[in-house]
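Novice: pasting the sequence and the predicted coordinates here, then a few questions.
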Amino acid sequence: MRDVLRIRGMRVLLGGELTSTFGDWAMFLALAIWVKTLTNSNSLAGLVLLAAAAPALGAPLYGWVVDRFRRRPFLIAANLLSAVAIVPLLFVDSRHDVWIIFAVTVCYGISGSVMSGAFAGLLKELVPDEKLGAANGMFSTIRQGMRLVGPLAGAGLFAAYGGHPVALIDIASFVVAALALASIRVAEVRPERSEQHWLSEVGAGLRHMWSTIAIRDTTVSIAVCLLALGAVDTIVFAYIDEGLHKPPSFLGLLLTVQGIGAIFGALAAPAIMTRLGEVATVALAIGSFGLCIGLIIYPSIVLAFIAMPLAGLANTAGFVAYSTVMQRGTPGPIMGRVSAAADMVIGSAQTLSMAAGASLIAVVDYKAMFAIISAALLVNCGVLWRRRVLSPPTPAGAAAVAGDGAPALDAIAVGDGRPVDTTPAAVVDATS
């Protein structure tokens, strides 16, 4: 990671991402708490999460939009517009203003879907392929660290002063991210306008994802993984209640422990990918999840505190590897669309699984469901492990090659310059 930090301007970009991610996590939890406080309705508070996730269904269209603009200017504008979109929260005072919170949450979801692909593309433009794994791991470490701090800070600030200060902090975080992007210079190329129909362009991400074997196989495996793991989000409450005999709030402690493991996963991912390759790392992560689910079939707090950190480690390492596979296998001009296509496929699988889990848990014992999910993940791991040759390990010393030959972050912009875009990025956390 030190090699990545030597790229001029990367520390500025890292600082902007740290600030922005803190604001995101602080605001995200505060939105649900705000609705609960104003309406005293659990269902409406839960719908806030759906309002944030629903915009992902339009991901292919967002990816097409992203690919039509230069990355850095696009991200600057997107951050500033996101800051403006948060401003209406400053006028929320009663339950009659709850609709404002939902409207802002939808905008938040669109913002996240749009900027994840553009930011991944920016990294692809700035960092040589040999260092993409380290760069993805570094930014993932920041995100996971802020995931531990941000929600707690947001909830605490809301409890003490209400939602308006949290909104102001989030607005400021977007502005800081925009200023960080504005302070760096990148050699960019204006994207070429295609003569194809826009629907054909929108589908380019799906076509590339399906025709590139390494991307296709890892995407399918992760989708199958989340098709199983998504149900855990709903089953876990039965596990905590019937198995551990703890209150629902105990989940917060388990997720905190998982988050600690996720930080280590982000730090370890580059080394694992160098040794095993990206596809093998994704397979290993899926297998680790299978082991974690198997451990908690038997209700034990000790086993839970063993399984959760391992799940966090596997989650982050797997998605860092997946992002790297996509970035290395995708041309810059279509990176946004490929990223968006991946988000749609994976997000749809997880949503279906969550719905199925909520229905089945009423008639099927959670232990039986855990056993089925664990077995499915282990089989999935075995299938993908056989495909690990699609992305062989990086030869020793390869990272040093082209190390200084990467385009400098502060290189003077050429022509209209535009950051190439990349992809997937923060794909959803499997068990959060």
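Specialist: Good, I have the coordinates.

Novice: okay, residue 287 and residue 319: tell me how far apart.
Specialist: Counting by C-beta to C-beta, to the nearest Å, the separation of residue 287 from residue 319 is 15 Å. (Each C-beta comes from the backbone N, C-alpha and C, glycine too.)

Novice: comparing those two, which residue is more hemmed in?
Specialist: A direct count of neighbours by other C-beta atoms under 10 Å for residue 287 and residue 319 places residue 319 higher, at 28 against 21.

Novice: the helix or strand encompassing the more buried one packs against which elements?
Specialist: In this structure, residue 319 is located in helix 301-328 according to DSSP states H and E. Contact here means 3 or more C-beta pairs under 8 Å, 6 or more residues apart in numbering; DSSP states H and E; on that basis helix 301-328 packs against helix 98-126, helix 132-161, helix 213-229, helix 250-276, helix 278-295, helix 335-360.

Novice: these: which one's closest to residue 372?
Specialist: Residue 372 lies closest, by C-beta to C-beta, to one member of the helices and strands packed on helix 301-328: helix 213-229, at 7.9 Å.

Novice: give me the mean pLDDT for the helix or strand just after that closest one.
Specialist: Per DSSP H and E, the first helix or strand lying C-terminal to helix 213-229 is helix 232-238. Averaging pLDDT along helix 232-238 gives 74.

Novice: so how far is helix 232-238 from its chain's centroid?
Specialist: 21 Å (C-alpha atoms, centre = their mean, to the nearest Å).

Novice: and that helix, what other elements does it pack with?
Specialist: Helices and strands touching helix 232-238, by 3+ C-beta pairs under 8 Å, 6+ apart, are helix 335-360, helix 366-385.

Novice: could I get the buried residue list for the first one?
Specialist: Yep, that's helix 335-360 we're talking about. The neighbour-count check on helix 335-360 (16 or more other C-beta atoms under 10 Å) flags 335-351, 353-354, 356-357, 360 as buried.

Novice: show residues contacting stretch 369-377.
Specialist: 224-225, 228-229, 231-232, 235, 239, 286-287, 289-291, 293-294, 296-297, 357, 360-361 (C-beta atoms under 8 Å, 6 or more residues apart in numbering).

Novice: go through it and flag the buried ones.
Specialist: The neighbour-count check on stretch 369-377 (16+ other C-beta under 10 Å) flags 369, 370, 373, 374, 376, 377 as buried.

Novice: do stretch 101-108 as well
Specialist: The neighbour-count criterion (16+ other C-beta under 10 Å) identifies 101, 102, 104, 105, 106, 107, 108 as the buried residues of stretch 101-108.

Novice: OK, contacts around the fifth one?
Specialist: Meaning residue 106. Residue 106 makes contact with 51, 52, 54, 55, according to C-beta under 8 Å, 6+ apart.

Novice: repeat that for 10 Å
Specialist: Residues near residue 106 by C-beta atoms under 10 Å, 6 or more residues apart in numbering: 50, 51, 52, 54, 55, 85.

Novice: of all the residues you listed, which comes closest to residue 76?
Specialist: Nearest to residue 76 among the contacts of residue 106, counting by C-beta to C-beta, is residue 85 at 15.1 Å.

Novice: gap between residue 314 and residue 336?
Specialist: On the measure of C-beta to C-beta, residue 314 and residue 336 end up 27 Å apart.

Novice: what does residue 207 give?
Specialist: 14 Å.

Novice: not counting sequence-adjacent ones, nearest residue to residue 57?
Specialist: Spatial nearest neighbour of residue 57, excluding adjacent residues (C-beta to C-beta, 6 or more residues apart in numbering): residue 344 at 6.9 Å.

Novice: same question but for residue 301, I mixed them up
Specialist: Going by C-beta to C-beta, 6+ apart, residue 301 has residue 244 as its nearest residue, at 6.1 Å.

Novice: so the one you found is in contact with residue 300, correct?
Specialist: Yes - look at residue 244 against residue 300 with C-beta atoms under 10 Å: they come within range, at 8.0 Å.

Novice: any weak-confidence spans in the stretch 251-400 of the chain?
Specialist: 251-252, 332, 351, 354-355, 358, 361-362, 394-400 (pLDDT under 70).

Novice: tell me which helix or strand the closest residue to residue 12 other than its chain neighbours sits in.
Specialist: Nearest non-adjacent residue to residue 12, counting by C-beta to C-beta, 6+ apart: residue 180, 5.1 Å away. Assigned by DSSP H and E, residue 180 falls within helix 163-182.

Novice: just the CA trace of that helix, in PDB.
Specialist: Below are the C-alpha coordinates for helix 163-182, written out as PDB (Å, rounded to 0.1, in the frame of the first residue of the first chain):
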ATOM      1  CA  GLY A 163     -31.000  15.300  12.900                       C
ATOM      2  CA  HIS A 164     -30.000  18.800  11.600                       C
ATOM      3  CA  PRO A 165     -26.400  18.700  12.800                       C
ATOM      4  CA  VAL A 166     -25.900  15.200  11.300                       C
ATOM      5  CA  ALA A 167     -27.200  16.600   8.000                       C
ATOM      6  CA  LEU A 168     -24.800  19.500   8.200                       C
ATOM      7  CA  ILE A 169     -21.900  17.200   8.800                       C
ATOM      8  CA  ASP A 170     -22.900  15.100   5.800                       C
ATOM      9  CA  ILE A 171     -23.200  18.200   3.600                       C
ATOM     10  CA  ALA A 172     -19.800  19.300   4.700                       C
ATOM     11  CA  SER A 173     -18.300  15.800   3.900                       C
ATOM     12  CA  PHE A 174     -19.600  15.900   0.300                       C
ATOM     13  CA  VAL A 175     -18.100  19.400  -0.100                       C
ATOM     14  CA  VAL A 176     -14.700  18.200   1.300                       C
ATOM     15  CA  ALA A 177     -14.700  15.300  -1.100                       C
ATOM     16  CA  ALA A 178     -15.400  17.600  -4.000                       C
ATOM     17  CA  LEU A 179     -12.500  19.900  -3.000                       C
ATOM     18  CA  ALA A 180     -10.200  17.000  -2.600                       C
ATOM     19  CA  LEU A 181     -11.000  15.900  -6.200                       C
ATOM     20  CA  ALA A 182     -10.700  19.400  -7.500                       C
END
